[in-house]
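Novice: what follows is a predicted structure for the sequence shown.
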Amino acid sequence: MNKSLIISGIALSFALASCHRSGKTETPESLMTVNVAMPEVKDIVLSRTYPGSLVANSAIDVMCKVNGQVLTKNFSKGTIVRKGQVLYTIDPAPYRDKVQQAEAALTTAISARDYASEHYKAVKKALESDAVSKMEVSQAESSLQQAEASVKNATAALADARRLLGYCTVTAPIGGRIASGNFDQGAYISGEASPVTVTTIFDNSEMEAQFAIEDERFLDIINARNANDSLDFSHVPVRFAEPLPHTYTGDVSYLAPSLNETTGTLKASCVIDNPYDELRQGMYVKIDLPYGRLKDAILVKDASVGSDQLGKFLYTLNDSNRIVYTPVTLGELYQDTLRVVTKGLEPGTRYVTSAILKVRNGMEVKPVMTK
């Protein structure tokens, strides 16, 4: 046999084997497994999350209005105090002396007034028999008026002295949780000329979450109210930076009467009951404020949405389990994990929820349905 024919036959055999290997089709076991889901379709309440901070229902500075040494401090920081509870006692001795002096001055003024009154009566009667002149009667009347004025001044001075003496006992104007005191036993306070803050009491029975909303969101709320929509603004969900043992809702109690032209926002607040005493002034809070409804909303998992230069997209599956690059138009985020799709996705279409970075358009995959 011709040697060249033998070589050609061997080459042809290798070529046929190579063609056979390159034409090998993938088996179902070799396909990539991906999780897929169906879009949720339901009526939803649209809401927007706003950051805010908590303010106590009442935060009252307790003032000292006298000068003196602190004799007693009758509370521990961070504890609950009741209204009227004695918090501090200031040395009352100087003010007790002033009260005694004022009482003595009032007694003297009353005696002088009584004498002037009797003298005026006597002189006035003597005038009837021409025993005295009209000038003497006028002088007696003037002395009586001066004595009566002295009594009024002495009465006011005594009331002021007693008031200052009362200030030596510093009491709680409201009930609540008390901050640390600014003065300890033995310290000297100068509060008579200008009152001095000695501590602060926070009424935490209710907290107010303060936040700001956009003007268009305000209009949405007004329109919902005018349309008698049943959006619940009295139980608005509120969340915190770290989960708390209990859940909380707020009652939207205030929308500012004017708009901040610089920021284009409107101040708002909601009242939150604090029955477990877990909330504190200054805590960061998130308010999920409802503003409208959407009927038959198409919802997908927000993590399944991809993004490229053309915009947002989903990877969906056709009837042959092949990947289809599907551009979509998105709406609001719902309950933190779901995204509203307003255009590009039909309710019954399967979409990829995992491995979206590994699949490609037209790729055949092995789908696993998830919720």
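Specialist: Looks like it came in fine.
Novice: did I read that right, S111 in a strand?
Specialist: No - assignment of S111 by DSSP: H, G, I helix; E, B strand; the rest coil gives helix, placing it outside any strand.
Novice: got the contact list for the most centrally placed residue in the chain?
Specialist: For the chain, the residue sitting closest to the mean C-alpha position, by C-alpha atoms, centre = their mean, is A209 at 2.0 Å. By C-beta atoms under 8 Å, 6 or more residues apart in numbering, the contact set of A209 is 52-55, 238, 250, 269-270, 272, 285, 287. For the C-beta atoms, the positions are set from N, CA and C on the backbone; glycine is no exception.
Novice: export those to JSON lines and tack on neighbour count and secondary structure?
Specialist: Listed next are these as JSON lines, based on neighbours: other C-beta atoms under 10 Å; DSSP: H, G, I helix; E, B strand; the rest coil:
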{"residue": "G52", "neighbour count": "20", "secondary structure": "strand"}
{"residue": "S53", "neighbour count": "14", "secondary structure": "strand"}
{"residue": "L54", "neighbour count": "20", "secondary structure": "strand"}
{"residue": "V55", "neighbour count": "16", "secondary structure": "strand"}
{"residue": "V238", "neighbour count": "22", "secondary structure": "strand"}
{"residue": "G250", "neighbour count": "25", "secondary structure": "strand"}
{"residue": "S269", "neighbour count": "20", "secondary structure": "strand"}
{"residue": "C270", "neighbour count": "24", "secondary structure": "strand"}
{"residue": "I272", "neighbour count": "20", "secondary structure": "strand"}
{"residue": "V285", "neighbour count": "22", "secondary structure": "strand"}
{"residue": "I287", "neighbour count": "25", "secondary structure": "strand"}
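Novice: related to what we said a few turns ago, pull the CA atoms of the helix or strand hosting the residue nearest to the centre of the chain into PDB?
Specialist: Using DSSP states H and E, A209 falls within strand 196-214. Extracted in PDB, the C-alpha atoms of strand 196-214 (Å, rounded to 0.1, in the frame of the first residue of the first chain):
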ATOM      1  CA  VAL A 196     -28.300  78.000  88.300                       C
ATOM      2  CA  THR A 197     -29.300  74.600  86.700                       C
ATOM      3  CA  VAL A 198     -28.600  71.900  89.200                       C
ATOM      4  CA  THR A 199     -30.000  68.900  87.200                       C
ATOM      5  CA  THR A 200     -32.400  67.900  84.500                       C
ATOM      6  CA  ILE A 201     -35.500  65.600  84.600                       C
ATOM      7  CA  PHE A 202     -36.700  63.800  81.500                       C
ATOM      8  CA  ASP A 203     -40.300  62.600  81.300                       C
ATOM      9  CA  ASN A 204     -39.800  59.600  79.000                       C
ATOM     10  CA  SER A 205     -43.400  58.200  79.300                       C
ATOM     11  CA  GLU A 206     -43.800  59.400  75.700                       C
ATOM     12  CA  MET A 207     -41.100  60.200  73.200                       C
ATOM     13  CA  GLU A 208     -41.300  62.400  70.100                       C
ATOM     14  CA  ALA A 209     -39.600  61.400  66.900                       C
ATOM     15  CA  GLN A 210     -38.600  64.400  64.900                       C
ATOM     16  CA  PHE A 211     -37.800  64.200  61.200                       C
ATOM     17  CA  ALA A 212     -38.200  66.000  57.900                       C
ATOM     18  CA  ILE A 213     -40.200  65.100  54.800                       C
ATOM     19  CA  GLU A 214     -40.100  66.400  51.200                       C
END
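Novice: and the next element down the chain from it?
Specialist: Downstream of strand 196-214 (by DSSP H and E), the next one is helix 215-226.
Novice: other SSEs contacting that following helix?
Specialist: For helix 215-226, the packing partners by 3 or more C-beta pairs under 8 Å, 6 or more residues apart in numbering; DSSP states H and E come out as strand 265-273, strand 284-301.
Novice: apply 10 Å and report the result again.
Specialist: When contacts are defined as 3 or more C-beta pairs under 10 Å, 6 or more residues apart in numbering; DSSP states H and E, helix 215-226 packs onto strand 40-64, strand 196-214, strand 248-255, strand 265-273, strand 284-301.
Novice: list the buried residues for the second one?
Specialist: In this case it means strand 196-214. Using 16 or more other C-beta atoms under 10 Å as the test for burial, strand 196-214 gives 196, 198-204, 207-214.
Novice: and the nearest residue to A187 once chain neighbours are set aside, what element?
Specialist: Closest residue to A187 apart from its sequence neighbours, by C-beta to C-beta, 6 or more residues apart in numbering: V70 at 4.9 Å. Using DSSP H and E, the element containing V70 is strand 67-73.
Novice: neighbouring strands - and their directions - for that strand?
Specialist: Applying DSSP bridges to the sheet, strand 67-73 is found paired with strand 86-90 (antiparallel), strand 188-190 (antiparallel).
Novice: so what touches it?
Specialist: Strand 67-73 is contacted from outside by 64, 86-95, 164, 167-170, 181, 183-193, 196, 198-199, using C-beta atoms under 10 Å, 6 or more residues apart in numbering.
Novice: for the closest residue to G176 other than its chain neighbours, give me its contacts.
Specialist: Closest residue to G176 apart from its sequence neighbours, by C-beta to C-beta, 6+ apart: D203 at 4.0 Å. Residues in contact with D203 (C-beta under 10 Å, 6+ apart) are 56-60, 83, 174-177, 274.
Novice: pLDDT-wise, what's the bottom of these?
Specialist: The member of the contacts of D203 with the lowest pLDDT is N57, at 85.
Novice: where does the stretch 1-150 of the chain dip in pLDDT?
Specialist: Residue ranges of the stretch 1-150 of the chain with pLDDT under 70: 1-29.
Novice: please repeat the previous calculation with a cut-off of 50.
Specialist: Flagging of the stretch 1-150 of the chain using pLDDT under 50 yields the residue ranges 1-24.
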